[in-house]
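Chemist: Take this sequence and fold it.
(3 chains)
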Amino acid sequence: MSAGTATTALRAQQDRGRKAAQNREKWAQGRTYISAVVVLIWCLAPAYWMVVTAFREVGFTYDTSILPTHVTLDNFNTAFDTSFGNRFGQALLNSIFIGVVVTLVSLLIGVFAAYALARLNFRFKYLVLGFILGASMFPGVALITPLFQLFTNIGWMGTYQALIIPNISFVLPLTVYTMTSFFREMPWELEESARVDGCTQGQAFRKVILPLAAPAIFTTAILAFISSWNEFLIASQLSSDATQPVTVAIASFAGAQPNQIPYTAIMAAGTIVTIPLVILVLVFQRKIVAGLTAGAVK
Amino acid sequence: MKSPKFLLPAAAAGVLALTLSACGGGGGTTGGGGGDAEQGLDGRGPITYVQGKDNSNVVRPLIEKWNAAHPNEKVTFKEQTDAADQQHDDLVQNYQAKNPNYDVASVDVVWTAEFAAKGWLQPLKDKMAVDTKGMLEPTIEAGSYKGTLYAAPVSSDGGILYYRKDLVPTPPKTWDEMMQMCSVAKANNIGCYAGQFKKYEGLTVNASEAINSFGGSVLDKDGKPSLNTPEAKTGLENLAKAYADGNIPKEAITYQEEEGRQAFQDGKLLFHRNWPYVYNLATTEASSKVKDVLGMTALPGADGPGASSLGGHSAAVSVYSKNKATALDFVKFLTAEEQQKFFATQGSLAPVLGSLYEDKELVAKLPYLPVLKTSIENAVPRPVSPFYPAVTKAIQENAYSAIKGEKTVESALSDMQKSIESASAGQ
Amino acid sequence: MSTELGPTPVKSPASGGTPIHHGPKGVGEDNKILSQGKWASWLLAPTIIALAVVIVYPIISALVMSFQKDAGLDPVTGLFTAGGPAGVQNYVNWLAQQCSAPGGGTVACPPGTLGAQFWSATATTFFFTVVTVTLETVLGFWMALIMARTFRGRSLVRAAVLVPWAIPTAVTAKLWLFIFAFEGIANKLFNTTILWTGSEWPAKWAVIIADVWKTTPFMALLILAGLQMIPAEVYEAAKVDGATTWQRFRMITLPLVKPALMVAVLFRTLDALRMFDLPYILTGGANNTTTLSILVINQIRQGFNAAAALSTITFIIIFLVAFIFVRFLGANVVEQSGATGKGKK
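Modeler: This is a model prediction of the structure:
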């Protein structure tokens, strides 16, 4: 009898212990979910408000119903409407053009530097790396005063080159830094083995290294493009109507009347600017996170 | 950078940079020399007209009209951006480069003094004189620097007091009357008065209006600050007192034109100072609650209409222009009655010719014109100073603190005075 | 930029970017480093030259400008005249908040001049930096801890945190300006009538909230990357030893994440010190939200040369902060950049 009850009691105790553990587990899980929901709301609610406002009639700009009301597509037409002096469509093209040029130039130049920093041993390596890193943290305002004067004197104010060149100053270091980190992680042994297998240096590079490096370069390109796309300080001072990127266009969006700030159209424009980035970010989420954590600044 | 060798390339880059910046010159200095600029006074030929964004398509038709009449002196339109800062910088850049192709430019009233002091604008006197008869006096003042006309007034703008006809049948004529009527606002549980009191250019406009309306002035005739006067004090005190009393609702401290208009249209304000553009929106927008009860009158002053700050643009001839005779003709063309009328009907731009404000056809289309005329006639140009950016900054900073009660009106005015003196003293 | 950047003819780097003197084992280590150095110089040259042009040139140019006077007005003609050399006057003026006096010489800058704002702008910049970076670190850590757990929908959360990061700052600023409008959703939701941009503290908090919203994700992801490098066995072992959650966090998580955390904090700090877009659009710098960057931009149109001096001062301040971080707080950025990878020995 005693032995039987003892085992039952023990089992019951164990059960209780397990249940408590399960409960604790459940509770922890519950807390995680609550936290996750809080994070989701914190991150998405303002963005949601932008989208809701973008679809609201202009007469009801300050409507504060949480759900969409007075839904309309007009704001998107207004955003692209050029009759009030806004050139949002042009600005989109400008941003894309500037972003692509800056990205390509930075990649072309930076890939060599990244390779050297990741793969070669040489004196002053850390000094060079430090210099490049320092460059990426360089404050934009320290560039702008001399450039403002220089570009005024040589008539470059408002030109594309006046926007592209300063952008390179922060995109190039970022590119080099990110790619260096990527290159360090690449299995370079494969290059050796390919050569042992009879590949020439060139073949080894083309057939083994390039495919391996491509994702890294691609991710770096996305990050470079995004940081150029987001630039505001320099463009706000050095661009003109014809060359201004979307960030400046949105910040100075004008309404049908002087002094009118068409928030609904601004939110529509903001939505248009953001959505491609959000899609890009969601599709390449893993890679971008890898790139960011590899040492990107922005 | 310990290795001296390492410094070599950096030093080389430095030398390069030094040379480059030496060629760049020392910033915005030096005016156009006499001999050079005299040239081209009789020059005729194609010219360029530079202006900000032609939003309501008024400039193009006018230029076409001119070109049809002057096939040998055609005008090319160089359209700038919509943003005032960018227009300013574009003009500076081209004047600095002595670009002969910026023959005639549309200049904001607040830039005239700066450009004139830099020696970039052809004085419109003697051979180059423009007939200013019939133009509203304040608009001429706004185009002048040190007593010489540098830019011919083309369009103007002034403040209007909007009010609720349903609540106050007779609008106030003076500031004190308006303040007394605030009891009506209180009874209806709405705000009484608001202008633009956020810390930005609009506050310069509103604070100068308050000061000018009571006989004060920001700058005297010689361009020296003159703010330590009882008149200036009364003016600014009115705003500060109204804010402290709650006659100016506390949220008005965040208002630019749009926020104020929104509040007024929502029926939350009894009186509202704003520009003529509000008329159209407040009478047509679906959400407007004041459509049928919108009244307009001149800004209230000490014992009659107040002194509005003046907006608008003038046309100036560049000293670097090669065809100044044509340029002058074109300026005269822009300021002629026919074109002025076109600006008003097509672009809703306030004319500079007094006669047009009584034009029946125009008044029918733009019912605010008679009120606006009073406003502009009594207007005072915003302070004409080559250091306008510093002047407006000084007014904004100190008026803002004074209105919010963070410092006394006296010390705000004396700080304004000192700031402007210091800016004009140069570095 | 290294000294090996010599004229020695080497095969074009375009041949694949791999070192041709990939020395067989027989070659001495010194020689190997030397030949690699030659290669490295060629590969690094374009980057270094490009950065020299876009960064070193402006620094030097700004320095030259900062020792020049801005143009002044000739009292007789009313025309501007060139300023001439200024020595260190521009710097002294900023640091001592001195402005030109009407009769020559200088006086303390009266309120309402940009010169009177130097120290308040510096204080504001550091205030923003300390508060935002602290908040972002704490919140970022919290988010990272959540994202490090396994639960269904985790990838959704990880994707969502990237949304604020992906929205351009200028758009973010406009969005929060709209949210914080007097009649905007923020006041409505919390049933308040705060004038967010109308007085000092709400305006500062508006900037801080917007900045924290926008950049916490970046922080969270960097910290998450650090968290994931901690092997799970370490935690298991600690659990077996009976360590509480807090002890585990303090004794394991924190020290192991510290290197990654320090780098993240350094990046964010330097970024926050040059904050411009958000306050510029959100408050226009009113109510004591003018940062050093905004002050420089405001000064540009009042005088290039004084602006150049101010931008140089800003640069030096940021440089000093970075130096202190790296030197005393052990944020070893250079080595950390390799730490996430397998690393070279």
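
Chemist: so where's chain A uncertain?
Modeler: A:1-7, A:84-85, A:254-260, A:293-298 (pLDDT under 70).

Chemist: Where is the longest helix in it?
Modeler: helix A:2-54 (DSSP state H).

Chemist: Show me what that one is packed against.
Modeler: Contacts defined by 3 or more Cβ pairs under 8 Å, 6 or more residues apart in numbering or on different chains; DSSP states H and E place helix A:2-54 against helix A:263-283, helix C:118-148, helix C:154-160, helix C:162-166, helix C:169-179, helix C:200-228. For every residue, glycine as well, the C-beta is placed using N, CA and C.

Chemist: Quick check: residue A:70 vs residue B:271, distance?
Modeler: With the distance defined as Cβ to Cβ, to the nearest Å, residue A:70 ends up 30 Å from residue B:271.

Chemist: Looking at those two, which one has more neighbours?
Modeler: Using other Cβ atoms under 10 Å in any protein chain shown, the more surrounded residue of residue A:70 and residue B:271 is residue B:271, with 30 against 16.

Chemist: can you pull the contacts of the spatially closest residue to the more buried one that is not a sequence neighbour?
Modeler: Sequence neighbours aside, residue B:193 is the residue nearest to residue B:271 in space, at 4.3 Å (criterion: Cβ to Cβ, 6 or more residues apart in numbering or on different chains). Contact analysis of residue B:193 by Cβ atoms under 8 Å, 6 or more residues apart in numbering or on different chains lists B:178, B:182, B:242, B:247, B:248, B:269, B:270, B:271, B:272, B:273.

Chemist: If we use 6 Å, what do you get?
Modeler: Neighbouring residues of residue B:193 by Cβ atoms under 6 Å, 6 or more residues apart in numbering or on different chains: B:247, B:248, B:271.

Chemist: Next: residue B:417.
Modeler: Here residue B:417 is in contact with B:225, B:227, B:228 (Cβ under 6 Å, 6+ apart).

Chemist: swap in residue C:299?
Modeler: C:114, C:306, C:307, C:310.

Chemist: any idea how far the first one is from residue C:300?
Modeler: Looking back up the chat, that one is residue C:114. Relative to residue C:300, and taking Cβ to Cβ, residue C:114 is found at 10 Å.

Chemist: The third one too?
Modeler: Taken as Cβ to Cβ, the spacing of residue C:307 relative to residue C:300 amounts to 5 Å.

Chemist: Which one's more surrounded, the two?
Modeler: residue C:307 (30 against 21).

Chemist: Next, the contact list for the more buried one, please.
Modeler: A:145, C:296, C:299, C:300.

Chemist: distance of the residue most central in space within chain C from residue C:319?
Modeler: Compute the mean C-alpha point of chain C, and by Cα atoms, centre = their mean the closest residue is residue C:271, 1.8 Å away. Residue C:271 is 14 Å from residue C:319, where distance means Cβ to Cβ.

Chemist: picking up where we left off before, which of the contacts of residue B:193 sits closest to chain A?
Modeler: The closest of these to chain A turns out to be residue B:271 (Cβ to the nearest Cβ; 18.1 Å).

Chemist: Quick check: which of the helices and strands packed on helix A:2-54 is buried the most?
Modeler: helix C:169-179 (a mean of 26; mean count of other Cβ atoms under 10 Å in any protein chain shown).

Chemist: about what we covered before: next step: the contacts of residue C:307 restricted to helices.
Modeler: A:145, C:296, C:299, C:300.

Chemist: Now render those as JSON lines, adding distance to residue A:216.
Modeler: What follows is the ones in helices among the contacts of residue C:307, written out as JSON lines (distance: Cβ to Cβ, whole Å):
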{"residue": "A:145", "distance to residue A:216": "36"}
{"residue": "C:296", "distance to residue A:216": "36"}
{"residue": "C:299", "distance to residue A:216": "42"}
{"residue": "C:300", "distance to residue A:216": "39"}
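
Chemist: farthest pair in these?
Modeler: Spatial extent of those (Cβ to Cβ) is set by the pair A:145 and C:299 at 8.2 Å.

Chemist: Residue C:83 versus residue B:314, what's the distance?
Modeler: Taking Cβ to Cβ, one finds residue B:314 at 29 Å from residue C:83.

Chemist: Give me the below-cutoff pLDDT ranges for chain B.
Modeler: Using pLDDT under 70, the flagged stretches of chain B are B:1-39, B:82, B:426-427.

Chemist: sorry, back to before: can you check which residues contact both of residue C:307 and residue C:300?
Modeler: residue A:145.

Chemist: in the stretch 201-345 of chain C, which spans are helices?
Modeler: C:232-240, C:245-248, C:254-273, C:277-282, C:292-300, C:304-328, C:333-339 (DSSP state H, counting those that start in this stretch).

Chemist: If you count neighbours, what's buried in the shortest one?
Modeler: This means helix C:245-248. residue C:248 (16 or more other Cβ atoms under 10 Å in any protein chain shown).

Chemist: again, but for the longest one
Modeler: By 16+ other Cβ under 10 Å, the buried positions in helix C:304-328 come out as C:304-315, C:317-319, C:321-322, C:325-326.

Chemist: any idea where the helices of the stretch 1-150 of chain C begin and end?
Modeler: Using DSSP H, counting those that start in this stretch, helices in the stretch 1-150 of chain C cover C:29-51, C:57-66, C:89-95, C:118-148.

Chemist: what's the neighbour count on the residue of chain C found nearest chain B?
Modeler: Closest to chain B within chain C is residue C:72: 2.8 Å, counting by Cβ to the nearest Cβ. Residue C:72 has 18 neighbouring residues, counting by other Cβ under 10 Å.

Chemist: Across the sheet, point out what pairs with it.
Modeler: Counting by DSSP bridges, residue C:72 forms beta bridges with residue C:81.

Chemist: How about residue B:351: what's its closest non-neighbour residue?
Modeler: Counting by Cβ to Cβ, 6+ apart, the residue nearest residue B:351 is residue B:340, at 4.3 Å.

Chemist: how about the most centrally placed residue in chain B, secondary structure?
Modeler: Nearest to the mean C-alpha position of chain B, by Cα atoms, centre = their mean, lies residue B:311 at 3.3 Å. Classification of residue B:311 by DSSP: H, G, I helix; E, B strand; the rest coil places it in strand.

Chemist: circling back to that earlier point, between residue B:314 and residue C:83, who's got more neighbours?
Modeler: residue B:314 (30 against 20).

Chemist: Would you list the phi and psi of residue B:135?
Modeler: Backbone dihedrals for residue B:135, given as degrees, to the nearest 10, come out at phi -80, psi 150.
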